[in-house]
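Novice: how would this look folded up:
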Amino acid sequence: MPIVSDPRPGHKLLDLVAVMDRLRSPGGCPWDAQQTHTSLLRYLVEESYEVVDAVENGTRAELRDELGDLLLQVVFHARVAQEDSAEPFDVDDVAAAIVAKLERRHPHVFAGEAVAEDLQAGWDAIKATEKPRESVLDGIPLQLPALARADKVLGRLQRNGLDEGTQAQATAEEIGEELLRVVRKAHAAGVDPEAALRTTTRRLESAARQRESRV
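Specialist: Take a look at the predicted model:
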């Protein structure tokens with residue numbers, strides 16, 4: 001029996017919130033009641049990768065299910081946050097924050113402004129007013145896999161004219177083969193490719209931050 005009856009798109013999200021509240025409340029599930037933001041992190045990461053796998057290799061049904069598992073993690077974290085005695089927030093606060101952010105970052109849609117020629121530059125400018133940062137590299141998660149983090153760092157540097165490397169064009173297949181060659185070379189040399197890339201990316205970041213400080 002549905003907990004909420006509503007014809008509007010998204011009404012089933014209210015069912016999920018209600019189920020999560022039941023699981024977390026007294027008389028619910030002991031395991032769910034014991035979880036914290038920290039204990040749930042492994043599941044958030046796992047579910048994110050399972051969505052990626054479903055997109056690349058799965059069926060539409062598998063993608064639907066994996067997106068549901070990932071959505072559960074968001075609702076679960078919001079329910080845990082609701083119980084915090086110092087700075088509580090709930091799933092409505094989470095939704096309100098992202099709605100406000102999307103509207104703020106799309107003034108050409110919600111504020112009647114003209115579409116910018118360079119949308120990425122416009123988004124970067126808006127984000128800079130939201131979270132003033134000392135460096136264009138601030139805010140890139142240290143926990144990202146080395147390759148994803150290197151890509152993020154290079155993207156930030158290139159958009160801000162701080163990357164001095166070459167940008168040769170190549171196909172996805174060529175890039176994949178080149179990456180595999182590098183991994184094979186690292187394996188033969190007994191080098192951890194993730195660690196090596198993290199170290200090199202940190203050096204790139206340090207040099208870029210020094211250039212920023214001189215501007």
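Novice: kindly export stretch 122-134 (C-alpha atoms) in PDB.
Specialist: Written as PDB, here are the backbone C-alpha positions of stretch 122-134 (Å, rounded to 0.1, in the frame of the first residue of the first chain):
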ATOM      1  CA  GLY A 122      29.500  32.100 -16.300                       C
ATOM      2  CA  TRP A 123      29.100  29.200 -13.900                       C
ATOM      3  CA  ASP A 124      32.600  29.600 -12.600                       C
ATOM      4  CA  ALA A 125      31.900  33.300 -11.900                       C
ATOM      5  CA  ILE A 126      28.700  32.600 -10.100                       C
ATOM      6  CA  LYS A 127      30.300  29.800  -8.000                       C
ATOM      7  CA  ALA A 128      33.100  32.300  -7.100                       C
ATOM      8  CA  THR A 129      30.500  34.600  -5.500                       C
ATOM      9  CA  GLU A 130      29.000  31.600  -3.600                       C
ATOM     10  CA  LYS A 131      32.200  30.300  -2.100                       C
ATOM     11  CA  PRO A 132      35.100  32.800  -2.200                       C
ATOM     12  CA  ARG A 133      38.300  30.900  -2.500                       C
ATOM     13  CA  GLU A 134      42.000  31.700  -2.300                       C
END
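Novice: what lies in contact with that stretch?
Specialist: For stretch 122-134, contacts defined as Cβ atoms under 8 Å, 6 or more residues apart in numbering pick out 101, 104-105, 107, 116, 139, 159. (Glycine included, C-beta is placed from N, CA and C.)
Novice: check these for burial and list the buried ones.
Specialist: In the contacts of stretch 122-134, burial by neighbour count holds for residue 105, counting by 16 or more other Cβ atoms under 10 Å.
Novice: show only the entries of the contacts of stretch 122-134 found in helices.
Specialist: 101, 104-105, 107, 159 (DSSP state H).
Novice: among these, which one lies nearest to residue 192?
Specialist: For the ones in helices among the contacts of stretch 122-134, the closest approach to residue 192 (Cβ to Cβ) belongs to residue 159, at 29.6 Å.
Novice: all helices of the protein, in order?
Specialist: 11-24, 30-34, 37-57, 60-82, 91-105, 107-110, 119-130, 146-159, 172-189, 193-214.
Novice: ok, and what's touching the last one?
Specialist: Taking contacts as Cβ under 8 Å, 6+ apart, the residues outside helix 193-214 that touch it are 135-137, 145-147, 149-150, 153-154, 157, 162-163, 182-183, 186-187.
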